[in-house]
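Visitor: Pasting a predicted model and its sequence here:
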Amino acid sequence: MKWVTLLCGFCLPTLGAAHFSGAIAQPRLTIRADRQEANANSGVVTATGNVRLDYPARQLQATANQARYFSREQRIVLTGNVIVIERGVNRIAAETITYLVTDGTFVALPPDNQQVETIYFVPDRAAETPPAQSATPAAQVKPAFKQRVSPPPPPRDGSKVP
């Protein structure tokens, strides 16, 4: 199995290297596959066979039959039985998934006559946090009353108001 470790922002093939020990402090994206080709002119890395992608900075892991990393566009196209796991729990399964690295967005396409499957684990906020309690019980809250209006002035003609 061959590896390519990509430092986001540019393509840096390090075939056979387990770790990159350079002084550049950029997020690391690692692609492992049976075969990989990197084209320095186009900036495209193509990985085929048992592809595994690991991007710890975004808590992403993926498997696919093929991956193409377009370094200039900061785009990864995964094809063939693609499964992406985000944060260890959320899962997207599709035939093709394009990941826009800069935006952190996915575009997933299903196989013919099928659907994309996405499973999100959504925390139940109501179960995690009890409702807030008021410091003053509702029975002791005093309503705001309108101010008293003074009686109307007497008529000028000396007659009494009915």
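Guide: Perfect, thanks for sending it.
Visitor: Tell me what residue 52 is bridged to.
Guide: Beta-bridge partners for residue 52, by DSSP bridges, are residue 32, residue 63.
Visitor: Can you report how many residues neighbour it?
Guide: A total of 16 residues lie near residue 52 under the criterion other C-beta atoms under 10 Å. Placement of C-beta: from N, CA and C, glycine included.
Visitor: Could you double-check that it lies in contact with residue 62?
Guide: Yes: counting by C-beta atoms under 8 Å, residue 52 does reach residue 62; the two are 7.3 Å apart.
Visitor: Report the beta-bridge partners for residue 82.
Guide: residue 94.
Visitor: Show me what stretch 50-57 is in contact with.
Guide: Stretch 50-57 has contacts (C-beta atoms under 8 Å, 6 or more residues apart in numbering) with 1, 8, 27-34, 60-67, 76, 78.
Visitor: Just the CA atoms of stretch 31-47, as PDB, please.
Guide: The C-alpha trace of stretch 31-47 is given here as PDB (Å, rounded to 0.1, in the frame of the first residue of the first chain):
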ATOM      1  CA  ILE A  31      -4.600   9.300   1.400                       C
ATOM      2  CA  ARG A  32      -3.700   5.600   1.400                       C
ATOM      3  CA  ALA A  33      -4.300   3.400  -1.600                       C
ATOM      4  CA  ASP A  34      -2.900   0.400  -3.500                       C
ATOM      5  CA  ARG A  35      -1.700   2.700  -6.300                       C
ATOM      6  CA  GLN A  36      -1.200   6.500  -6.500                       C
ATOM      7  CA  GLU A  37      -0.100   8.800  -9.300                       C
ATOM      8  CA  ALA A  38       0.800  12.500  -8.800                       C
ATOM      9  CA  ASN A  39       1.000  14.900 -11.700                       C
ATOM     10  CA  ALA A  40       3.200  17.900 -10.800                       C
ATOM     11  CA  ASN A  41       2.100  19.900 -13.900                       C
ATOM     12  CA  SER A  42      -1.700  19.600 -13.200                       C
ATOM     13  CA  GLY A  43      -1.500  19.300  -9.400                       C
ATOM     14  CA  VAL A  44      -3.700  16.200  -9.500                       C
ATOM     15  CA  VAL A  45      -3.100  13.100  -7.300                       C
ATOM     16  CA  THR A  46      -5.100  10.000  -8.300                       C
ATOM     17  CA  ALA A  47      -5.300   7.100  -5.900                       C
END
